[in-house]
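# Got a sequence here, can you model it:
(one chain, ligands or ions: 1)
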Amino acid sequence: MPKIVVDNLRKTYGDTVALDDISFEVPAGEFVIILGVSGSGKSTLLRCMSALTKPTEGRVLIDGEPMVTTQPEVAMIFQQHNIVGDMTAYSNALSGGINRAGLIESVLQLQETSEKQRALEALDTVGLLDEAEKKARRMSGGQQQRVGIARALVQQPEVLLADEPVASLDPGSAQDVMGYLERVATSRDLTSFISLHQVNIARKYGQRFIGLHDGEKVFDGYRDELTIDAIDRIYGDIDTEGMFVMDEADASTRRPGDEGTEASL
Ligand SMILES: Nc1ncnc2c1ncn2[C@@H]1O[C@H](COP(=O)(O)OP(=O)(O)OP(=O)(O)O)[C@@H](O)[C@H]1O
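I've put the predicted structure just below:
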């Protein structure tokens, strides 16, 4: 049985069709990148998958069960980190257990020792154990996003959703955070959906790619299928030259006349 089924998902806001009849199935453990320009529907798709937004039509199934409300098995990481600057990295991570432990226990840090242990392990996983007692606001954007990942892990999710997790980061930090996300997903066997608009980063880390354009699914395939033509379909009229990092293995994906146009970012 697929881990996640997105079944004829449609979401409209007045006259705006944010998602238009989106369907796909993803087996457990896949690392899926959602690609598309701003406004293509990436956030709406992830919000529907986490039950933060109710679809107009269609449904999302996790392990065959409809997702009608948010649940701890599905963790969401946001672009703006959504962590509390005045709290330490440890306290922020620990607050990820809020769905399981309850609000009061979480605020008073009355969670069980096992939960506290999990927070420390999660910080260790994202390379921040030594910074556990540091206030989040004194950390870099990349470190804050890694705290956000740690917090999501404390929730003990099976599915990880990340909405533009590296959009506000410099290229080095963005790669750093994507590397941690990939390693965490592999080591904890998470089914992951990461929305990105940077094609070069997507190609480096993604296993499978779902491309959205104006709310429609225009691509669904694995790394070797993400050709320049596919990128063109996802990005439409936008000049995609320079988005595509070629390597030896990509030679077969070149279009006639593309010789010499590869760009490295
Ligand atoms: N709460 C809302 N109310 C009205 N329209 C919305 C709302 N949320 C999204 N939209 C519209 O739905 C469409 C898809 O938006 P969405 O945020 O999902 O795209 P996106 O690909 O995530 O863009 P970005 O990368 O800028 O976040 C856009 O036209 C957007 O204006």
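# got the residues of the stretch 151-265 of the chain near the ligand?
Contact residues, the stretch 151-265 of the chain versus the ligand (CB under 6 Å from any ligand atom): residue 164. C-beta coordinates here come from the backbone N, C-alpha and C atoms, glycine included.
# quick one: the strands in the stretch 1-150 of the chain?
Here the stretch 1-150 of the chain has its strands, by DSSP state E, counting those that start in this stretch, at 4-13, 16-26, 31-35, 57-62, 65-66, 74-77.
# Which positions in the fourth one come out as buried?
By neighbour count, with 16 or more other CB atoms under 10 Å as the criterion, the buried positions of strand 57-62 are 58, 60, 61, 62.
# can you check the second one too?
By neighbour count with 16+ other CB under 10 Å, strand 16-26 contains the buried residues 17, 18, 19, 20, 22, 24, 26.
# For it, C-alpha coordinates in PDB please.
Extracted C-alpha coordinates of strand 16-26, given in PDB (Å, rounded to 0.1, in the frame of the first residue of the first chain):
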ATOM      1  CA  THR A  16      -8.400  31.300  -8.200                       C
ATOM      2  CA  VAL A  17      -7.700  27.600  -8.800                       C
ATOM      3  CA  ALA A  18      -4.700  26.900  -6.500                       C
ATOM      4  CA  LEU A  19      -4.800  23.100  -7.200                       C
ATOM      5  CA  ASP A  20      -6.500  21.500 -10.100                       C
ATOM      6  CA  ASP A  21      -7.200  17.800  -9.900                       C
ATOM      7  CA  ILE A  22      -3.900  16.700  -8.500                       C
ATOM      8  CA  SER A  23      -3.300  12.900  -8.000                       C
ATOM      9  CA  PHE A  24      -0.200  10.800  -7.200                       C
ATOM     10  CA  GLU A  25       0.800   8.000  -5.000                       C
ATOM     11  CA  VAL A  26       4.100   7.800  -3.000                       C
END
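# Quickly note the distance from residue 77 to residue 223.
22 Å (CB to CB, to the nearest Å).
# neighbour-wise, which of these two wins?
Higher neighbour count among residue 77 and residue 223: residue 77, with 23 against 17, using other CB atoms under 10 Å.
# check contacts around that one.
145, 148, 149, 152, 160, 161, 162, 163, 165 (CB atoms under 8 Å, 6 or more residues apart in numbering).
# Which pLDDT value goes with the closest residue to residue 29 other than its chain neighbours?
Closest residue in space to residue 29, ignoring its immediate chain neighbours: residue 189 at 5.2 Å, by CB to CB, 6 or more residues apart in numbering. Residue 189 carries a pLDDT value of 94.
# Over to residue 189: give its phi and psi.
Here is the backbone geometry of residue 189 (degrees, to the nearest 10): phi 50, psi 50.
# so how far is residue 11 from it?
29 Å.
# And for residue 212?
In this view, residue 212 and residue 11 are 12 Å apart by CB to CB.
# Next: residue 91.
Note on residue 91: its distance to residue 11, by CB to CB, is 35 Å.
# Tell me what residue 6 is bridged to.
Going by DSSP bridges, residue 6 is paired in beta bridges with residue 24, residue 60.
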